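Peer 1: Need coordinates for the below:
(chains A and B)
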Amino acid sequence: MVTYLLRRLLLSIPPLLGITFVTFLVSHTLPTDMVLINLGDRATQNPELVEAFRRKWGLDRPFLMQYLVYLGHLLRGDLGISIATNRPVLAELWLSLPMTVELATLAMAVAVLVGVGLGVLAAVSRDRVVDYLARALAATGLALPTFWFAILLLLAFYFRLGWAPPPGRLDAGLAPPEAVTGMYLVDSLLRGNVALFVEALAHLILPAAVLATVAVSFITRITRASMLEVLDREYVRVARAKGMPERRVIIRHALRNALIPIITVSGTLYAQLMSGTVMTETIFSLPGLGRYAVSSAGSLDFPAVMGVAFVVGVIYIVINLAVDVLYVFVNPRIRYA
Amino acid sequence: MNDSGLRRRRSSGRLRRRAGLTLGLVLVAVWVAAAVLAPLLSPAGPFDQQMEQSFRPPSRAHPFGTDDLGRDVLARVLYGGRITLTLGAGVVAVGSALGLAVGAASGFVGGWTDEVLMRATEVIMAFPSIILAMAIAVALGPGIVNAGLAMVLVWWPPYARLVRGEVLAVKQMEYVEASVALGQTPFGVLWRAILPNVSSSVIVLVTVDLGGAIITGAGLSFLGLGAVPPSPEWGAMVNAGKELYQQWWVATFPGLAMFMVVLGFNFLGDGVRDLLGPGRA
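Peer 2: Next comes the predicted model:
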């Protein structure tokens, strides 16, 4: 297992390098003038500043050297300076990441529970009403533009019915919990502040519902398909023939063996949620990675947007790694020597 | 299960598939027709302002209401389809062509070409498409063409992967060998013997893909990186109405149009996949 983990870690280095190369390509070749884009009009007037910037990023050197310089900065955690705030991009990303992780994880937990449940239900009652309903629901969820759905939910549950709190992370006037992880749900519990936990959770319910809806559709579909395949297998027939209760057959024998594709899809979805929060965070005024990306894009804050792209790329690779490791636990037949 | 039961299940499946395909076709046809015929159907021009008529709720005169400048929302939704649908279709068309070229080169030539192209494909796929598209769109500057370009740059990899796999499989077929033996040039073999047999899976992916491309394109406009006001693009229109809780119709109707079209494309895609797809029941 340990050797497998090590090898898998080594294997994630090439894609990581690939990601750095893409962000480098986009940031160094796409904008016509990197100096102008990064320093802005005013600073470009100052030849010393321009010279310093060109030296820092090695712009006076050949292309490949520029990439190595860029890599060197990345390794030291230097993602550049935000044009809009003049602060290091990495520091800003650290501030917004917890919010996104919190939201995406909550949404993912709900989506897996509901999606697997619906998928199993649909597969067991194939071609009956429950199956049709589950599939119609999945088809609808896939077609919903998240940004529109989010607005509709706010319109209904906040504005019309008043059941949900207004957009934002907490009600105005409430102090956030003392930062440990930066995730309000975790931090408030660590401090034993249940009221604050409930408050923070209430603000996350609608945005998490938006994110979960799309994910539920995917998970329902793959669970149904995977279950249908497994339910046809001989060992399921044998389990039934032994007189095992149907519940046990479905959960212990069928679902367990249907899990691999479900985990694969869920892993990809979880990674996508981390960036899919772009729309949701914007609409619900949640200060996460997505909103940071959007507001940076709005002010053409190029280093900041590239920083987000890099971090999310890294998250993708980490989650893929986690999924591969999870396979081994779910299916002992998958062994990595 | 006895024979008649099996047959019944199969035919009910076929019926359902046909129902989905039909529903999808109808939804897509309605909105494509609406976009094409916008000048004929529309009660007003998409830019016609009537300031004294601003924020009117849906009524007989304005079925979808009016926006902040007194523009007819129905007219803008009809004309908006032209932009949103063209962007989605354009991205899929160019993206699939690019992916086809990369995938065909990779699978047909093999060796180092294959290695390099596939590693590049994987790297692009490792990125979340919306973030990478945003980054490119920011670098290029806002605008509908730039948004389309940014999307194409992140849209081709799944096609390249699919086509490469198919080309590798088809390459082993006897008719390809025959084509080589007949003295076709390598390009001729690829063009005449291999690609026609890859096309059906590309068509399937294209139809399944269209809905997502429409949502992503509109999403870029929603974020202010695609179509810019006063352009009647659906995503931009939803953005314009996003904080108008009293005037719910401003954001609701363009979004509803998008939802219906995408639902239509998804049903259509599923239907086409069942018809053409490899061995899926």
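Peer 1: now B:G80, nearest residue through space, not along the chain?
Peer 2: Nearest-residue entry for B:G80: B:P232, 4.2 Å, with adjacent residues in sequence omitted and distances by CB to CB, 6 or more residues apart in numbering or on different chains. The way it works is simple: take the backbone N, C-alpha and C, and place the C-beta from them, glycine included.
Peer 1: And A:I83, by the same measure?
Peer 2: A:D301 (4.7 Å).
Peer 1: circling back: look up phi and psi at the residue nearest to B:G80.
Peer 2: Main-chain torsions, B:P232, degrees, to the nearest 10: phi -80, psi 60.
Peer 1: and what of B:S106?
Peer 2: Torsion angles, degrees, to the nearest 10, at B:S106: phi -60, psi -50.
Peer 1: what does A:S285 give?
Peer 2: According to degrees, to the nearest 10, A:S285 has phi 50, psi 50.
Peer 1: mind listing what it touches?
Peer 2: A:P167, A:G168, A:R169, A:R291 (CB atoms under 8 Å, 6 or more residues apart in numbering or on different chains).
Peer 1: about what we covered before: now do the residue nearest to B:G80: how many residues are near it, please.
Peer 2: 27 (other CB atoms under 10 Å in any protein chain shown).
Peer 1: That one contacts B:P46, correct?
Peer 2: Yes: judged on CB atoms under 8 Å, B:P232 makes contact with B:P46 at a distance of 4.4 Å.
Peer 1: Quick check: neighbours shared by those two?
Peer 2: B:A75, B:R76, B:Y79, B:G80.
Peer 1: Before we move on, what's the pLDDT of residue 83?
Peer 2: Since no chain was named, I'll use chain A. With respect to pLDDT, A:I83 scores 74.
Peer 1: oops, chain B please
Peer 2: 91.
Peer 1: so what's the backbone phi/psi at it?
Peer 2: phi -70, psi -50.
Peer 1: count of residues packed around it?
Peer 2: If we define neighbours as other CB under 10 Å, then B:I83 has 23 of them.
Peer 1: Look up the closest residue to it, ignoring the ones flanking it.
Peer 2: B:E233 (4.5 Å).
Peer 1: got a list of what the one you found touches?
Peer 2: Shown in contact with B:E233 (CB under 8 Å, 6+ apart): B:G80, B:I83, B:T84, B:L87, B:I144, B:A218, B:S221, B:G226, B:A227.
Peer 1: One more pass at 10 Å, please.
Peer 2: B:76, B:79-84, B:87, B:144, B:147, B:217-218, B:220-222, B:226-227, B:239, B:254 (CB atoms under 10 Å, 6 or more residues apart in numbering or on different chains).
Peer 1: What separation do you get for it and chain A?
Peer 2: 13 Å (CB to the nearest CB, to the nearest Å).
Peer 1: what's the answer for B:D68, then?
Peer 2: 16 Å.
Peer 1: Then B:A218?
Peer 2: 6 Å.
Peer 1: In terms of helices and strands, where is that residue?
Peer 2: B:A218 is located in helix B:195-222, with elements delineated by DSSP states H and E.
Peer 1: Figure out how far that helix is from the centre of its chain.
Peer 2: 4 Å (CA atoms, centre = their mean, to the nearest Å).
Peer 1: Also stretch A:164-182?
Peer 2: Distance, centroid of stretch A:164-182 to centroid of chain: 21 Å (CA atoms, centre = their mean).
Peer 1: Kindly report the same for stretch A:124-131.
Peer 2: With CA atoms, centre = their mean, you get 32 Å for stretch A:124-131.
Peer 1: end to end, how far does it reach?
Peer 2: 8 Å (CA to CA, to the nearest Å).
Peer 1: Now it: buried residues?
Peer 2: A:V124, A:D131 (16 or more other CB atoms under 10 Å in any protein chain shown).
Peer 1: ok, and does that stretch reach over to chain B?
Peer 2: Yes: remark: stretch A:124-131 sits within contact range of chain B at A:R126, A:D127, by CB under 10 Å from any CB of the partner chain.
Peer 1: pLDDT averaged over that stretch, what's the number?
Peer 2: Mean predicted lDDT for stretch A:124-131 stands at 86.
Peer 1: now stretch B:125-145
Peer 2: pLDDT averaged over stretch B:125-145 gives 79.
Peer 1: Least confident secondary structure element in chain A?
Peer 2: Least confident element among the helices and strands of chain A, by mean pLDDT, DSSP states H and E: helix A:34-44 (a mean of 66).
Peer 1: After that one, which helix or strand is next?
Peer 2: Assignment by DSSP H and E places the next element after helix A:34-44 at helix A:47-56.
Peer 1: and the next helix or strand after that following helix, what's its mean pLDDT?
Peer 2: Once the chain leaves helix A:47-56, the next helix or strand it forms, by DSSP H and E, is helix A:63-75. Across helix A:63-75, the average pLDDT comes to 82.
Peer 1: do helix A:63-75 and chain B meet?
Peer 2: No: Helix A:63-75 stays clear of chain B (CB under 10 Å from any CB), getting no nearer than 13.9 Å.
Peer 1: Now that helix: buried residues?
Peer 2: Neighbour counts over helix A:63-75 (16+ other CB under 10 Å) mark A:Q66, A:Y67, A:V69, A:Y70, A:L74 as buried.
Peer 1: All set now, cheers.
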